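> sequence plus predicted model, see below.
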Protein chains: 2
Amino acid sequence: MLTYVLDPASRTPLYEQLYRFIRQDISSGVLKGGERLPSNRQLAQHLEVSRITVETAYAQLLAEGYLTSAPRKGYFVQESLAVPPHKPILPRPAPDKPAGQRFLFDFKTNIVDTDCFPFSTWARLSRAVLTDYANRLLLESAPQGEAELREAIRAYLLSFRGIEVSTEQIVVGAGSEYLLHLLIQLLGRERVYALENPGYRKLYQIFEANGAAVRPIALDGKGLRADLLGDASAVYLTPSHHFPTGVVMPVPRRMQLLQWAAEQPGRYLIEDDYDSEFRYSSRPMPALKELDRQERVIYLNTFAKSLAPSLRIGYMVLPAPLLSAYRDRFSLYSASVPAFEQHTLARFMESGAFERHISRSRNVYKGRLEALLTALRESPLAPLTEIHGSEAGLHILMRVKNGLREEDLVRRAAAKGVRVYGLSAYYAPGSRPEKATLILGYAGIDSDRFQEAVALLCEAWL
Amino acid sequence: MLTYVLDPASRTPLYEQLYRFIRQDISSGVLKGGERLPSNRQLAQHLEVSRITVETAYAQLLAEGYLTSAPRKGYFVQESLAVPPHKPILPRPAPDKPAGQRFLFDFKTNIVDTDCFPFSTWARLSRAVLTDYANRLLLESAPQGEAELREAIRAYLLSFRGIEVSTEQIVVGAGSEYLLHLLIQLLGRERVYALENPGYRKLYQIFEANGAAVRPIALDGKGLRADLLGDASAVYLTPSHHFPTGVVMPVPRRMQLLQWAAEQPGRYLIEDDYDSEFRYSSRPMPALKELDRQERVIYLNTFAKSLAPSLRIGYMVLPAPLLSAYRDRFSLYSASVPAFEQHTLARFMESGAFERHISRSRNVYKGRLEALLTALRESPLAPLTEIHGSEAGLHILMRVKNGLREEDLVRRAAAKGVRVYGLSAYYAPGSRPEKATLILGYAGIDSDRFQEAVALLCEAWL
């Protein structure tokens, strides 16, 4: 007879304790397939519990298929149910960050100084949104994004980028990566996508994971060349400020690309305008989208750089022909950004706080850039270095002409506690820059510390 | 000579006004390619502005490639730059919702009663998170999700679903759709995915958009059959409460599927446990994941049903072998849910508010279900209807045996102001239910109104 010790004082009901014991015995093979169980009455007497307790436990086991029953014969263990005992395969822990080395300075590029962000304003607007919308925030949000946010983006694009679009064309999504997944689905994975080389490293991963073929295109001093596009029918590019070289694509080159796109149906240019906000020397370069008369440019931008990486809000502007296809095929997709963040961001933009934030952080970053350039200019490194791409963005390119290879420059700097990054990591596999070049992101380092950092680089390289 | 009227009183600097006029004239073809522009001095005199104004405008146009310059010859309009005047192609507006018909009752399934949600608790926790984390909320969040939220999910899975996993295995993402995109990338689009038929309609769209082949599998009374899987090597299923039929898969069938998965390397079961929280009659059916000894089950769940659709937070639990692949291939992907929501949800779960909410809404929904069942039982429809799937979830299935076809049932109900949904919409193209069956979602209708709704259905169908 089954003998289990049930605990009447437990928070778990007796029937459930009994259910668990029997299930455990079936799973472990103590109770064999086909074996007959004692009747309700017998087991209730034996365990000194009520019949209803046993009945409930049996009923649950029956419902779940652990037992079978036959009229007037009783309950039987289901055949072939022994489950090997659970030895969970514990996943190996996430690989540690390369253990140990602490850097005094880290010239990483994908950093935003969160101290620049007007968090108290953001928190105030957040609280107001919680109060004003209350549980309307819980309703399913508009798949392309909340109307208020799309209107704020429309107004922003018009006044700051000179791009005239309708809110209907704007799709808000959880960051550029997510939007690229959508775009690849929309444009199709049969086509070949041209990517700038060098360019974002993540792009290769994203396109590959989506099963789309990519063709890296080498750049000249004006950016990507339309005559090298070969069999590609879509191009991803950063014309206003190429990442990472900082090249600004001149208008004639832009016109050539637009011309290329117009030549055949289905060709598209994907313009990533990722850091158009941070341009120092003159007015921002117009967007390619502004010149788009044939509806061939998909405009993509994100608030990860201009606000904060953790906000995960990006948007794209679809040309009219793609918009119909988007609606036809993805109408069932849900919004990917919580309504709360969308409303807070909309108010942040409407209230002018976004514009003030951009202008303030532009000044902060410009100050850092100047401090870095001054420190370099006044150091013994000056004659051996050449700076590019300092007109915009949050990093510069530095060629170092002391005969050392890129990897040696990086290694020697690291030995002095300064982390710098080689340009070759931004190249497609199998290609690399002609000359040893480093990328220095300066957004995360205070202005008064660059002299010290540059002094360490001198020690490392001279 | 170029003649423009510049406005010294404007907020736009004079040089920029001039820049815009010239650019406009180049774009529209008024200034032809190759045409020579007046010198700085000439134009400054002519327009009565300073030479620096003209110089700055020219420099900008030169930088952007609208002009070229030749030493001692002056500035020339770039060749072939005329851009056709901008006639924006306005997208057709989003198709209106089928205009007009207002329903007195709508038995839709994808609805959550947001009145059940403890919004004031949520708002309080949100405010606390804003205060406590402050601008740490802006930092890039952990790609797999914030540690606090993954820990809360781990504890929840253990105590409410009996599933023992490590936080390392949990991936938080912007809703089940997004997680499915990731999963298809992870498992590959070369394989055939088996889907339950009937099942979620969105699934076909998602798999198709991702370029993965699907095979709809007909169900019997116990759910999906392992012996019908054919060349499929991954199965998406809802074993604890099949959507939409409500079938609960018994343990022997589950064991067969686990057995099938273990037979060949690379086979996986994707368990969508979407509404396991809402089970009324007995303890929740154990998850398939709980029986998974060979690490073949990917567990997927969302807070869209249990909390609110707009939160867009879901998660998946990856078995150990897939976790390594996930890290190798997607380590660069960013988190897709804002840190703020993640922390608020983590506190909501830790504080017990989630459990209380589930238990309270289960009671509310159970009350509605009983009111609906009572109204049906006491109505003249009773002998002509058969109810299925009422043990769990937020909808029931109703077979109507009055000889009318499904579409006629739907149409006639609509004529009386009651919106009901046919089961056939949940079938794969080319298949449909044998008998006229409707899906009635009851979560959005107050208990005291079902009598009226059922009376209207009687008028419509009898």
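Done, it's in. Numbers count the residues shown, from 1 in each chain, chains lettered A, B, ... in the order given.
> from here on, contacts and neighbour counts on C-alpha atoms
Will do.
> identify the residues contacting the residue nearest the centre of chain A.
Compute the mean C-alpha point of chain A, and by C-alpha atoms, centre = their mean the closest residue is residue A:177, 5.0 Å away. Residues in contact with residue A:177 (C-alpha atoms under 8 Å, 6 or more residues apart in numbering or on different chains) are A:206, B:333-334.
> pLDDT on the strand or helix carrying residue A:120, on average?
Using DSSP states H and E, residue A:120 sits in helix A:119-133. Throughout helix A:119-133, pLDDT has a mean value of 90.
> and for stretch A:193-213?
For stretch A:193-213, the per-residue pLDDT averages 91.
> and stretch A:303-310, by the same measure?
Averaging pLDDT along stretch A:303-310 gives 80.
> and that stretch, how far apart are its ends?
9 Å (C-alpha to C-alpha, to the nearest Å).
> distance between it and the chain's centre?
On the basis of C-alpha atoms, centre = their mean, to the nearest Å, stretch A:303-310 sits 11 Å off its chain's mean C-alpha point.
> before we move on, what about stretch A:304-324?
Centre to centre, stretch against its chain (C-alpha atoms, centre = their mean), the figure for stretch A:304-324 is 12 Å.
> same thing with stretch A:378-390?
Relative to the chain's own centre, stretch A:378-390 is displaced by 34 Å; criterion: C-alpha atoms, centre = their mean.
> residue A:399 is in what secondary structure piece?
strand A:395-400.
> which parts of the helix or strand hosting residue A:15 are buried?
For residue A:15, the host element (DSSP H and E) is helix A:14-28. For helix A:14-28, burial by neighbour count (16 or more other C-alpha atoms under 10 Å in any protein chain shown) applies to A:14-19, A:21-24, A:26-28.
> tell me if that helix is near chain B.
No. Using C-alpha under 8 Å from any C-alpha of the partner chain, helix A:14-28 never reaches chain B; the gap is at least 8.8 Å.
> from chain B, how far out is residue A:320?
Relative to chain B, residue A:320 is positioned 5 Å away (C-alpha to the nearest C-alpha, to the nearest Å).
> what does residue A:316 give?
15 Å.
> which parts of the helix or strand that residue falls within are buried?
Using DSSP H and E, residue A:316 falls within strand A:314-317. Applying a neighbour-count criterion of 16+ other C-alpha under 10 Å, one finds A:314-317 buried in strand A:314-317.
> try stretch A:129-149
Per 16+ other C-alpha under 10 Å, stretch A:129-149 contains these buried residues: A:129-130, A:135-149.
> what's the answer for stretch A:210-225, then?
Neighbour-count burial for stretch A:210-225, counted by 16+ other C-alpha under 10 Å, picks out A:210-212, A:214-219, A:222-225.
> quick one: end-to-end length of it, please.
Using C-alpha to C-alpha, one end of stretch A:210-225 lies 25 Å from the other.
> hmm, who's touching that stretch?
A:181, A:184, A:188-198, A:204, A:207-208, A:228-229, A:232, A:237, A:239, A:242, A:247-250, A:253, A:257, A:428, B:185, B:189, B:210.
> just checking, which of the residues you listed belong to strands?
Those of the contacts of stretch A:210-225 mapping onto strands are A:192-197, A:232, A:237, per DSSP state E.
> now those residues as CSV including distance to chain B and neighbour count?
Output for the ones in strands among the contacts of stretch A:210-225, formatted as CSV (distance: C-alpha to the nearest C-alpha, whole Å; neighbours: other C-alpha atoms under 10 Å in any protein chain shown):
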residue, distance to chain B, neighbour count
A:192, 15, 18
A:193, 16, 25
A:194, 20, 24
A:195, 18, 26
A:196, 19, 25
A:197, 19, 25
A:232, 19, 17
A:237, 17, 22
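> would you turn those into a markdown table with distance to residue A:421?
Below are the ones in strands among the contacts of stretch A:210-225 laid out as a markdown table (distance: C-alpha to C-alpha, whole Å):
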| residue | distance to residue A:421 |
| --- | --- |
| A:192 | 30 |
| A:193 | 27 |
| A:194 | 25 |
| A:195 | 21 |
| A:196 | 19 |
| A:197 | 17 |
| A:232 | 30 |
| A:237 | 22 |
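> nearest to residue A:7, of those residues?
Closest to residue A:7 out of those is residue A:193 (65.7 Å), distances taken as C-alpha to C-alpha.
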